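In: got a predicted structure here, sequence first:
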Amino acid sequence: MREPNAIDFWRGFALITIFINHIPGNTFERYTFSQYGISDAAELFVFLAGWSIGIATRTRDGEPEPRWRSVVRMLARTVEVYRAQITVMLLALAIIAGAALLLDNPLILEWHNAGNFFADPIQSVCGMALLTYQLGFFNILPLYVVLIGIAPVIVLIGRASRWAVLAISGALYVASLVFEWNLPSWPGDGTWFFDPFCWQLLLTLGFVLQDWNRVSPAFRRWTRRLMPLGVVIVLVGITLSVLEIRPDPLTVPEPRLLFTFEKSYLTPSRLVHFLGVLLAFSPIYALLAPRIGWIVGFLSGLGRNSLAVFSMGSLLSLIGQIIRFQTGGGLLVDTAVAGCGLVALGITAWFVEWRSRRAPRPRP
Amino acid sequence: MRPARDWLRVGGLLLAGLSAGTPGPAMADDVPTPTPSLECRVPGSQLYSVASLAAAKAALEERHILRILAVGGSSAPGASASYPVKLEAALEQAMPHVDVIIDHRGLPGEIASGAAERLRSLVADVEPDLVVWQVGTHDAIARVDPTAFAEALDESVAWLKSHGIDVVLVDPLYTASVATDADYNRIVDGVRDVATREGVPLVRRFEALRYLAGRNEKGEVHILGRQFRLNDLGLRCMAEHVALTISASLARTPAPEPAKAPAGEVASPPASEPAKPPAAVVPPPPGPPDLTGPQRAPG
């Protein structure tokens, strides 16, 4: 088990933010940082995944591990994430169907795009296996499967040249914005909520910046010097979201995705904002960690077991939504739902580590 | 192809009979109205309120193409009997010379938080003439504050109209367990208020399903009980109810001026002046009337 560190801490922080934000309408939603900026916890999560790949594919003294081992390691992780997505989707559908039956309320079947499954199970179950059928709020793991699946390419090119991998990744990103490339949804019209062609840039950035941060004192110096710029960007983000100022996608010039604030495509404004958040907040952990006691250990524990915690969190947030619907919500219910959820996430992390201590096996 | 003149006559008669509560003049004689199947039949006053659809009218008269973005709700997409497929068929039957193109997109999430932004992106992507928006169920289930919901919805509808895009709103589904739920009813009221304020047509699905729920009938039984049967019926009737609302609204919309103002900004005087018969809907030679809708009546 790793000691608490900044990466696991922020990953745990992102996981809690995602959990709270996935219970829309709840009292605590408005206190998450996602409400005060252009980018949100999803960016943090994917970026840190890239950063972790950088750490996982090197030995402790910084030597890159053999290529075949990195490739197999990431393919194994891809299978693990895929398995998690299939399990979580099945359980989510069962929770939705079960709630509809129990409460004698068929409206619940329509929730989060689940109605498609119940109306057309023949195509939907194929779409589920292909990851092209996604429930609302259950669309991050499909992105993750694709990103970890292509990560071996990123890592191998990145070992040859960091600039090369950045150039290729950036070119794919820009082309996807200009030509609106995205993977299709099926069954039904439309495209993936998280466009992998765009979001891969963030994974690549995480991977490359981790490497620079490791070897380059100049890089570390500049990230410190640019912190005020990050603060300015964060302040601009707060202003824009509080005043609800954003570009109108029908009036911006073409290609419109270069100018809008779209989460699906990680548009440039979101990317710039996220980099600003990184600059502004990356030094915070060192200041915070000694002062907040057990919270560091708790969040780092969540972050160390992010896949299990994320999967459990998405199911818990769905259950939380149903509880809110049935009880009518309110501060008391919201506090109970959020509190029980956080405890359950903590138990999940503890359980995974307890289990892996008993049957030790290496994990990426 | 179904003869438009017969459609017009039969549909007009039926509608006149059904829509006792609908204010304003009856059908102008250029857009025939599809006939609802027996199981979906609801008095017009409880089914919809009509309003002018200037952009859609202009599109179908100038280009003979009507591009619709159907948003929200599920539809068993791709399956032959799905809502978008049925809506497209119903509208093309009603308007034989118009090519109706429907894009259906799910819109998970709440209008009051996030989904409104997603709608803007969808609209920029599809560039429709008309948005048919099933709205409110998610917000109601998420217990969003009804006032915040109505404000966000109003803003979105105003945005669509400001870009010359027509909107038809479809309010949330009805089921027994929400019949007396105050917040749920306030969301339904919110959709109706926005439709009135913004002057857009509304499919009153909640009312219509409540009517159908109250209808005493010895139809098929659903293995999961009454509410599930009603819900199935509601989803089956969606296409017909939406098609009826669109047709009735188009019939009320005056034909665009030759040197026309930007579509969408046309205030909607009732179609009292005789509308010139547009080329788009010149009726084909009459044939035998076909009254059977796509659905058979139960029992």
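Out: Done, it's in. Numbering: from 1, shown residues only, chains lettered A, B, ... in the order given.
In: drop to CA atoms for contacts and neighbour counts, all remaining ones
Out: OK.
In: and the biggest helix by length in chain B, what other elements does it pack with?
Out: Ranked by residue count, the top helix of chain B under DSSP state H comes out as helix B:226-252. Contacts defined by 3 or more CA pairs under 8 Å, 6 or more residues apart in numbering or on different chains; DSSP states H and E place helix B:226-252 against helix B:54-62, helix B:83-94, strand B:202-203, helix B:205-214.
In: which helices and strands sit right next to the shortest one?
Out: Meaning strand B:202-203. strand B:48-49, strand B:166-170, helix B:226-252.
In: quick one: closest of these to B:H104.
Out: The closest of those to B:H104 is helix B:226-252. By CA to CA, the value is 12.3 Å.
In: what is the mean pLDDT for that closest one?
Out: For helix B:226-252, mean pLDDT rounds to 87.
In: buried residues in it?
Out: B:226-231, B:233-252 (16 or more other CA atoms under 10 Å in any protein chain shown).
In: so which bits of chain A are right by chain B?
Out: Residues of chain A found near chain B, taking CA under 8 Å from any CA of the partner chain as the criterion, are A:23-25, A:101, A:104-108, A:110-120, A:136, A:187-190, A:248-250, A:262, A:321-322, A:324-325, A:328-329.
In: out of those, which end up buried?
Out: So, of the residues of chain A next to chain B, A:23-25, A:101, A:104-108, A:110-120, A:136, A:187-188, A:190, A:248-250, A:262, A:321-322, A:324-325, A:328-329 end up buried under the neighbour-count rule (16+ other CA under 10 Å).
In: did I read that right, A:S124 in a strand?
Out: No - applying DSSP: H, G, I helix; E, B strand; the rest coil, one finds A:S124 to be helix, outside a strand.
In: residues of the stretch 51-200 of chain B that sit close to chain A?
Out: B:73-79, B:103-110, B:113, B:118, B:120-121, B:124, B:137-138, B:141-145, B:163, B:173-177.
In: where strands are concerned, which of these count?
Out: B:D103, B:H104, B:R105 (DSSP state E).
In: make a markdown table out of the residues you listed and add pLDDT.
Out: Listed next are these as a markdown table, based on pLDDT from 0 to 100:
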| residue | pLDDT |
| --- | --- |
| B:D103 | 90 |
| B:H104 | 87 |
| B:R105 | 87 |
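In: quick one: the helices in the stretch 251-364 of chain A?
Out: For the stretch 251-364 of chain A, the helices defined by DSSP state H, counting those that start in this stretch occupy A:268-281, A:284-288, A:294-304, A:306-327, A:331-358.
In: can you redo those helices as a markdown table with mean pLDDT?
Out: Formatted as a markdown table, the helices of the stretch 251-364 of chain A follow (pLDDT from 0 to 100):
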| stretch | mean pLDDT |
| --- | --- |
| helix A:268-281 | 96 |
| helix A:284-288 | 90 |
| helix A:294-304 | 94 |
| helix A:306-327 | 95 |
| helix A:331-358 | 94 |
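In: redo those helices as CSV? Include distance to A:I96.
Out: Output for the helices of the stretch 251-364 of chain A, formatted as CSV (distance: least, CA to CA, whole Å):
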stretch, distance to A:I96
helix A:268-281, 32
helix A:284-288, 39
helix A:294-304, 26
helix A:306-327, 8
helix A:331-358, 17
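In: A:G149: which of the ones you listed is closest?
Out: Of all the helices of the stretch 251-364 of chain A, helix A:306-327 sits nearest to A:G149, with 15.3 Å by CA to CA.
In: now the angle from that closest one to helix A:331-358?
Out: 150 degrees (axes from the mean of the first three to the mean of the last three CA atoms, to 10 degrees).
In: and helix A:306-327, what does it pack onto?
Out: Against helix A:306-327 (3+ CA pairs under 8 Å, 6+ apart) you get helix A:6-21, helix A:67-102, helix A:331-358, helix B:137-141.
In: contacting residues around it?
Out: With CA atoms under 8 Å, 6 or more residues apart in numbering or on different chains as the test, helix A:306-327 has contacts from A:11-12, A:15, A:19-20, A:22-24, A:81, A:84-85, A:88, A:91-92, A:95, A:99, A:137-138, A:302-303, A:329-330, A:333-334, A:337-338, A:341, A:345, A:348-349, A:352, B:141-143.
In: make it 6 Å
Out: A:F19, A:H22, A:I23, A:V337, A:L345, B:I141 (CA atoms under 6 Å, 6 or more residues apart in numbering or on different chains).
In: ramachandran coordinates for the residue of the stretch 151-300 of chain A found nearest chain B?
Out: Taking CA to the nearest CA as the measure, the stretch 151-300 of chain A has A:G188 as its residue closest to chain B, at 4.6 Å. Phi and psi for A:G188, reported as degrees, to the nearest 10, are phi 100, psi 170.
In: what number of residues lie near the closest residue to A:L44 other than its chain neighbours?
Out: Among residues not flanking A:L44 along the chain, A:A14 sits closest, at 6.6 Å (CA to CA, 6 or more residues apart in numbering or on different chains). Using other CA atoms under 10 Å in any protein chain shown, A:A14 has 28 neighbouring residues.
In: how about A:G339?
Out: Neighbours around A:G339, by other CA under 10 Å: 12.
In: list the contacts of it.
Out: So A:G339 contacts nothing (CA under 6 Å, 6+ apart).
In: measure it to A:I20 for me?
Out: 10 Å (CA to CA, to the nearest Å).
In: ditto for B:L230
Out: 34 Å.
In: equivalent analysis for A:F118, please.
Out: For A:F118 relative to A:I20 (CA to CA), the value is 27 Å.
In: counting neighbours, what do you get for the closest residue to A:P184 other than its chain neighbours?
Out: The spatial neighbour of A:P184 that comes closest, neighbours along the chain excluded (CA to CA, 6+ apart), is A:T191 at 4.2 Å. If you count neighbours by other CA under 10 Å, A:T191 ends up with 17.
In: start to end distance for stretch A:126-145?
Out: Stretch A:126-145 end-to-end distance (CA to CA) = 17 Å.
In: list the buried residues for it?
Out: By neighbour count on 16+ other CA under 10 Å, the buried set for stretch A:126-145 is A:127-128, A:131-145.
In: do me a favour and average the pLDDT over that stretch.
Out: 94.
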